[in-house]
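*Asks:* return atomic coordinates for the entry below.
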Amino acid sequence: MRPLHLYALLVGVAAAGAACGGSNGPSNTAPIAAFTPSCTDLACTFTDASSDADGDALTYQWNFGEPSSGTNDTSTAQSPSHTYAAAGSFHVTLKVTDANGAASTAADSLVTVSPAGPTAGFTVTCNAADCSFTGTSTPADGTLTYAWDFGEPASGSSNTSTVQNPTHTYTVTAVTDFTVTLTVTDPQSATNTKSQTITVTPAAALQCDSGGVLADCTLDVTQKAILTVSLVSRDCQFAGNRFAITSPIQQTVFTNGCFDAISPVILDGPNADKSFDAGTQIQAQFTQGVRDPTDPPTVPPQIKLEGAFPDWTISIDDGGNPTAPGEPDFNDIVLAVHGEVVP
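*Replies:* From the prediction side, this is the model:
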């Protein structure tokens, strides 16, 4: 009977060994977490580079190191993005787990982010010596501060401004270039500067021939009348020139005389019927437009007034191509003014 007992014991041991799987059973290797960060300004993307030797599918647990962002500080995406609220350095960690529950050690990377600085920009529009500046700086969220220098030191404190869209009147008697500089500063004290050279031209007032010399003069209304301004001819190429009555009323007759259609314009006299009283002296001015960059340098424009009530001729030389033969020719824009006598 002893051999039988020994046989039973050996069978039991063999069965127990088979139940435990032995040294040749299945195994599982933990995955390795890895990633690559890439940041622009405050926004970062994290590209997964994790691996698993067993080829198992992985799950992801990210922490972006910014607890103040709440639930946005974590992600379970494979390659997530995260935008930080402010500049700083943050420890970003990634743990991965395979399908069999094996977890990696944490991959850790220190990322440093900072917001982009501001970009200064502006446009300018000048009506003779009166210039308006429009700030186009970014960010356009109202957080920037502005420091303008209009490039005219002789004007003293009026040469600067701290508003976003300032105006400035230059003191000029000839065509003059000025370098305008704008510096913007953001809440983080980052700055940026933009400079632009502008050309300022004085306006031309009405002038009459006085003994062969042109001198400032006015349209003298000798009887109560309604005045109409009409285009006679034009031969010019400047964009955006302007003719306006400046006293005793202020009225623009045209703003692009070389190109736009110019219909007869009845001046807005101060009386109910738009008439001007006898004895009124009317002043006007012409503002030079913008020449093509390939054109020769300009000189100030001129206006020659001829005639007497009730009919005048206004001959304008826009100041373009001043060295050409026959300049100033006073034929760039020619206007007629007629007065209709009223009771």
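
*Asks:* what about the helices in the stretch 1-150 of the chain?
*Replies:* Taking DSSP state H, counting those that start in this stretch as the criterion, the stretch 1-150 of the chain contains helices spanning 2-20.

*Asks:* and Cys44, how close does it get to Gly142?
*Replies:* Distance check for Cys44 against Gly142: by C-beta to C-beta, to the nearest Å, it reads 26 Å. For every residue, glycine as well, the C-beta is placed using N, CA and C.

*Asks:* Tyr60 - how many residues pack around it?
*Replies:* Taking other C-beta atoms under 10 Å as the criterion, the count of residues near Tyr60 is 19.

*Asks:* dump the residue contacts of it.
*Replies:* By C-beta atoms under 8 Å, 6 or more residues apart in numbering, the residues touching Tyr60 are 48, 50, 75-78, 94-96.

*Asks:* and if you look at Ala336?
*Replies:* 229-232, 311-314.

*Asks:* try Phe133
*Replies:* Residues in contact with Phe133, defined by C-beta under 8 Å, 6+ apart, are 122-124, 148, 165-168, 180, 182.

*Asks:* Throw the contacts of Ala336 into JSON lines and include pLDDT and neighbour count, thanks.
*Replies:* JSON lines is the format used below for the contacts of Ala336 (pLDDT from 0 to 100; neighbours: other C-beta atoms under 10 Å):
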{"residue": "Val229", "pLDDT": "98", "neighbour count": "22"}
{"residue": "Ser230", "pLDDT": "98", "neighbour count": "14"}
{"residue": "Leu231", "pLDDT": "97", "neighbour count": "17"}
{"residue": "Val232", "pLDDT": "97", "neighbour count": "13"}
{"residue": "Asp311", "pLDDT": "98", "neighbour count": "11"}
{"residue": "Trp312", "pLDDT": "98", "neighbour count": "21"}
{"residue": "Thr313", "pLDDT": "98", "neighbour count": "14"}
{"residue": "Ile314", "pLDDT": "98", "neighbour count": "23"}
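
*Asks:* now, which of these sits nearest Gly55?
*Replies:* Sorting these by how near they are to Gly55, with C-beta to C-beta, puts Leu231 at the top with 84.4 Å.

*Asks:* got the phi/psi numbers for the closest one?
*Replies:* For Leu231, the backbone dihedrals are phi -80, psi 130 (criterion: degrees, to the nearest 10).

*Asks:* residue contacts, it?
*Replies:* 257, 262, 264, 333-336.

*Asks:* same deal with Ser132?
*Replies:* Listed by C-beta under 8 Å, 6+ apart, the contact partners of Ser132 are 124-126, 165-167.

*Asks:* ok, so of those residues, who is nearest Leu219?
*Replies:* Nearest to Leu219 among the contacts of Ser132 is Cys126, at 25.7 Å by C-beta to C-beta.

*Asks:* what residues of stretch 106-115 count as buried?
*Replies:* Residues of stretch 106-115 classed as buried: 107, 111, 113, 115 (neighbour count, 16 or more other C-beta atoms under 10 Å).

*Asks:* as TSV, the residues you listed with distance to Gln302 would be great.
*Replies:* Written out in TSV, the entries for these read as follows (distance: C-beta to C-beta, whole Å):
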residue	distance to Gln302
Ala107	77
Val111	66
Val113	60
Pro115	53
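
*Asks:* report the two of those separated the most.
*Replies:* Greatest spatial distance in those: Ala107 and Pro115, 26.6 Å, computed using C-beta to C-beta.

*Asks:* where are the low-confidence patches of this protein?
*Replies:* Across the chain, residues meeting the criterion (pLDDT under 70) sit at 1-26, 155-157.

*Asks:* next one: Leu182 from Pro270, what distance?
*Replies:* Counting by C-beta to C-beta, the gap from Leu182 to Pro270 is 41 Å.

*Asks:* higher neighbour count, those two?
*Replies:* When Leu182 is set against Pro270 and neighbours are counted by other C-beta under 10 Å, the residue ahead is Leu182, at 24 against 11.

*Asks:* could I get the strand or helix carrying that one in PDB with only the CA atoms?
*Replies:* For Leu182, the enclosing helix or strand under DSSP states H and E is strand 176-185. In PDB, the C-alpha atoms belonging to strand 176-185 read as follows (Å, rounded to 0.1, in the frame of the first residue of the first chain):
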ATOM      1  CA  THR A 176       7.800 119.400 -44.400                       C
ATOM      2  CA  ASP A 177       8.400 115.800 -43.400                       C
ATOM      3  CA  PHE A 178       7.900 114.700 -39.700                       C
ATOM      4  CA  THR A 179       8.700 111.400 -38.100                       C
ATOM      5  CA  VAL A 180       5.900 110.300 -35.800                       C
ATOM      6  CA  THR A 181       6.700 107.700 -33.200                       C
ATOM      7  CA  LEU A 182       4.200 105.600 -31.100                       C
ATOM      8  CA  THR A 183       5.300 103.500 -28.200                       C
ATOM      9  CA  VAL A 184       2.700 101.100 -26.600                       C
ATOM     10  CA  THR A 185       3.100  99.400 -23.200                       C
END
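
*Asks:* helices and strands around it, which ones?
*Replies:* The elements that strand 176-185 packs onto, with contact taken as 3 or more C-beta pairs under 8 Å, 6 or more residues apart in numbering; DSSP states H and E, are strand 122-127, strand 130-135, strand 145-149, strand 191-200.
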